[in-house]
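In: The sequence and its predicted three-dimensional model are supplied below.
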2 protein chains.
Amino acid sequence: MMKIVLDCYGGDHSPEANVDGGLKALEAFPDLHLILTGDEASLRACLEGKKYDAARLEIVHAPEVIGCDERPIDAVRLKKESSMIKAVRMLRDSDEVAAMVSIGSTGALVTAALTRIGRIKGVIRPAFCPILPTMNGGLVGICDSGANVEVTPEHLRQFAIMASLYMENVYGVEKPRVALLNVGKEAEKGDEIRQKAYGLLSETSEINFVGNMESRDLLSGSYDIVVADGFSGNVLVKTTEGTALELLKKLKKDIYSRTIYKIGALLMKRMFMEEKEFMNYQNYGGSVLLGTEKTVVKGHGSSKATAVFHCIEQAYRMELSKLSSKIEDVIMKYEHYEY
Amino acid sequence: MMKIVLDCYGGDHSPEANVDGGLKALEAFPDLHLILTGDEASLRACLEGKKYDAARLEIVHAPEVIGCDERPIDAVRLKKESSMIKAVRMLRDSDEVAAMVSIGSTGALVTAALTRIGRIKGVIRPAFCPILPTMNGGLVGICDSGANVEVTPEHLRQFAIMASLYMENVYGVEKPRVALLNVGKEAEKGDEIRQKAYGLLSETSEINFVGNMESRDLLSGSYDIVVADGFSGNVLVKTTEGTALELLKKLKKDIYSRTIYKIGALLMKRMFMEEKEFMNYQNYGGSVLLGTEKTVVKGHGSSKATAVFHCIEQAYRMELSKLSSKIEDVIMKYEHYEY
């Protein structure tokens, strides 16, 4: 039996999307036990009339909600009765609870996870690792993408190790190709942090470091993992999503501008639907936090049931593969390094 | 008469594209005088059979070429006979030469420009400002996008001032909306540099600061200028270009996968051509270096004649509007600030 706690509030489609995603996961994974946090009456209402194995579903009442505009540190400190903080506390306090999933405020979740959940032995800084689809049908993970706006070369090496093990164990990618985000391909590019990180990554035998990557090549399919500081990693991920969304929007608008385009688009309807699905981050789960003792997965605020399901699936697979202890094994080999 | 020197080597389509772009500019601007640098015999061959006003075209022989894989500092020091360094030296030494355009190695050009060409009085660090098209038909400038991988809050303020004046004077944008690239909209987001820059930008009355921007919103049309450190600015620009290119490539591939899609695409041919033109950076000129005493414009390495023409046009308009002295006027107001 694997116990995962699901924060049911804080998203655009909460709590319905959370509950429906949770039920989908219960159906997919027979040994999964879910704990939902949130307003009990509302959650019961969402469950009404739906079929599920009640023995594997629990509700823990949490009347408060953390909004996206609240200062993370205040929210974590003051909103102890919120669905998110109750979930974090359960994850911290119960040996039985293996992981948590939330689609609420990123800032609050990071703050709560970093201050309340322990780190894996040897890990200096946990980091986010979202996944994007590449143009040849593969996936690429970006680590870090927002948990640490400032980093050292040693942090970057740890991100590379954690993300490598993640891609290998959860997505079955063999010897994931790791690149360092930089402003050019040459080893001496970027600031001192990047130059030193290049050296550290090169001498780390547990990862398959393939050199610097220019952001232009993110979706090319030539890389499985991109290592970055949280600031530029965040820019990388959000610019990619933003550009794809804006282009699709423009395409749609232009199609509606002339009848002949509409007819053409009708013939291509299935293709456009497939492109849209391909670009839909809801199909790729959330952003996992790597480096915490227990698994934390953060989904998009706009997640619908499918996205919530994929987030739970990620948490489930991370636990199943015993990712944390694998990360610890490798990280501890480099523990004598200064940080 | 305005004299501009055009480095004719270093691009993928050099020297033909450079020469053709130059001739186009001579035709468009009757008071333009062009100096081409590069291998004289090859340049003469490119000019053969073409119509142009020979009185306004000069060739300065420069037998060497700087490659993109050369270490900038070595290239600048050792390749004194290269087309780029000869152009830079002419810009430095001649009062008559107002500006230079190059599509060669960015690293070498930055190094040469920063070490050989003086800065505008008060400017701490010159910065690159490329332009991208937004989804509502406007333009957005990103400053810095690669000249300075490390910055201070005061640098960011100067980038904002320079880019504002650029958008206003060269593109006719009134009160350009300036945003600070950050990982969230709230004033307290990001590292200390971003937080302090937010304060500085807010109190600078000469610019229209509208707050933080998340990279997702770059193309939304809500901003005219985005201020960033050169590292994340570079990621922002290159990710946008890369994502757009990869998506178009995928669309094309998918269209060819089924006959019905091909028929549909045929009906939409004109639309797709327009999308492609819209996305084609060649139509938007190059990346201007703001803050040097004399104008330097850097075009994409893959520039064709049209792109080279637009780069010359940018240099021409910058000079025509006396941008440098306008930048100096505003920057000097804040000269007492520490840096």
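Out: All right, it came through fine. Residues are numbered from 1 along each chain as shown, chains lettered A, B, ... in the order given.
In: Every contact and neighbour count from this point should use C-alpha atoms.
Out: Fine.
In: And the residue of the stretch 1-150 of chain A that's closest to chain B?
Out: With distances taken as C-alpha to the nearest C-alpha, the stretch 1-150 of chain A approaches chain B most closely at residue A:149, which sits 6.2 Å away.
In: Contact partners for residue A:330?
Out: Residues touching residue A:330, when contacts are defined by C-alpha atoms under 8 Å, 6 or more residues apart in numbering or on different chains, comprise A:161, A:206.
In: What helix or strand is it located in?
Out: If you go by DSSP states H and E, residue A:330 is part of helix A:323-333.
In: ok so, going back, now for the residue of the stretch 1-150 of chain A closest to chain B: which residues touch it?
Out: If you count contacts by C-alpha under 8 Å, 6+ apart, residue A:149 has them with A:229, A:230, A:231, B:190, B:191.
In: Now for residue A:42, how many residues are close by?
Out: Residues lying near residue A:42 (other C-alpha atoms under 10 Å in any protein chain shown) number 14.
In: got a list of what it touches?
Out: With C-alpha under 8 Å, 6+ apart, residue A:42 has these contacts: residue A:15.
In: Relative to the whole chain's centre, how far out is the helix or strand containing it?
Out: With the criterion set as DSSP H and E, the secondary-structure element containing residue A:42 is helix A:40-47. Between the mean C-alpha location of helix A:40-47 and the chain-wide mean there is a distance of 27 Å, by C-alpha atoms, centre = their mean, to the nearest Å.
In: picking up where we left off before, could I get the average pLDDT for the helix holding residue A:330?
Out: Helix A:323-333 shows a mean pLDDT of 95 in the predicted model.
In: that older thread, so which of the contacts of residue A:149 are in helices?
Out: Cross-referencing the contacts of residue A:149 against helices under DSSP state H gives A:230, A:231.
In: Just put the contacts of residue A:149 in a markdown table and tack on distance to residue B:17 and pLDDT.
Out: Conversion of those to a markdown table gives the following (distance: C-alpha to C-alpha, whole Å; pLDDT from 0 to 100):
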| residue | distance to residue B:17 | pLDDT |
| --- | --- | --- |
| A:229 | 38 | 97 |
| A:230 | 40 | 96 |
| A:231 | 38 | 96 |
| B:190 | 42 | 90 |
| B:191 | 43 | 92 |
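In: So which of the contacts of residue A:149 wins on neighbours?
Out: Counting neighbours by other C-alpha under 10 Å, residue A:229 comes out on top of these with 27 neighbours.
In: ok, that one touching residue A:145?
Out: Yes. In this structure, residue A:229 is within contact of residue A:145 by C-alpha atoms under 8 Å, at 7.1 Å.
In: ok, back up a step: for the residue of the stretch 1-150 of chain A closest to chain B, phi and psi?
Out: Summarising the backbone geometry of residue A:149 under the convention degrees, to the nearest 10, its torsions are phi -70, psi -20.
In: any idea of the pLDDT on it?
Out: Model confidence at residue A:149 (pLDDT) stands at 91.
In: ok, now residue A:128?
Out: Residue-level pLDDT assigned to residue A:128 equals 96.
In: bridging residues for it?
Out: With DSSP bridges as the criterion, residue A:128 is bridged to residue A:289.
In: Quick check, it in contact with residue A:292.
Out: No. Counting by C-alpha under 8 Å, no contact exists between residue A:128 and residue A:292, whose distance comes to 10.5 Å.
In: Comparing those two, which residue is more hemmed in?
Out: Ranked by neighbour count (other C-alpha under 10 Å), residue A:128 and residue A:292 place residue A:128 first, with 28 against 21.
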